[in-house]
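Peer 1: Okay, here's the prediction I keep looking at, along with the sequence it came from:
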Amino acid sequence: MSNEVEFEYTGKEEREDVPKDVTIVRFHSSVEEVSNSMFRECERLKVVVLNEELQKIGTSSFWKCRSLESITFPSTVTEVDECAFFSCYNLKTVILNEGLKTIGGGAFASACCK
């Protein structure tokens, strides 16, 4: 009865493998990096559960994920690339943890980004 579409990201998928109507993404424990533009324009995506081995969130990884409201970075994440969460208008809570060294330009922007 639920309209939830869950997807486990293993890091081996291509962008085309992500269901268009995905609402929940759980990261496999082996993932160390989110590929560039991997979840771009997944506008129904509400929940992202990052794993403890994740180190980098690539450029435009979550571009226009307009239903995403919060994200918590594990302490292993050291880099969030540019425009990673561009146009995530409903993103209200971002929890950064120790270990984060670089946040790229426009990572959380809602205005023009390249």
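Peer 2: Here it is on my side, so go on. Small disclaimer: the values here were computed from a predicted structure and weren't measured.
Peer 1: can you pull the contacts of the residue nearest the centre of the chain?
Peer 2: Centre of the chain computed as the mean C-alpha position; nearest residue by C-alpha atoms, centre = their mean is Phe62, 4.5 Å away. Phe62 makes contacts with 39-40, 42, 45, 48, 68, 71, 84-85, 88, as judged by C-beta atoms under 8 Å, 6 or more residues apart in numbering. For the C-beta atoms, the positions are set from N, CA and C on the backbone; glycine is no exception.
Peer 1: Which pair of those spans the longest distance?
Peer 2: Greatest spatial distance among the contacts of Phe62 (C-beta to C-beta): Arg40 and Ile71, at 15.3 Å.
Peer 1: quick one: which of the two has more around it?
Peer 2: Neighbour count, other C-beta atoms under 10 Å: between Arg40 and Ile71, Ile71 has more, with 22 against 18.
Peer 1: how much space between that one and Lys46?
Peer 2: 11 Å (C-beta to C-beta, to the nearest Å).
Peer 1: and of the contacts of Phe62, the nearest to Leu96?
Peer 2: Of all the contacts of Phe62, Ile71 has the smallest distance to Leu96: 9.4 Å, by C-beta to C-beta.
Peer 1: Assign that closest one to one of the three secondary structure states.
Peer 2: strand (DSSP: H, G, I helix; E, B strand; the rest coil).
Peer 1: show me the contacts for it.
Peer 2: Ile71 touches 48, 50, 62, 85, 91, 93-95, counting by C-beta under 8 Å, 6+ apart.
Peer 1: Below-threshold pLDDT in the protein: ranges please.
Peer 2: The chain contains residues with pLDDT under 70 at 1-2, 111-114.
Peer 1: make it 50
Peer 2: Regions of the chain meeting the criterion pLDDT under 50 cover residues 1, 113-114.
Peer 1: For it, which segments count as strands?
Peer 2: 6-9, 24-27, 33-34, 47-49, 56-57, 70-72, 79-80, 93-95, 102-103 (DSSP state E).
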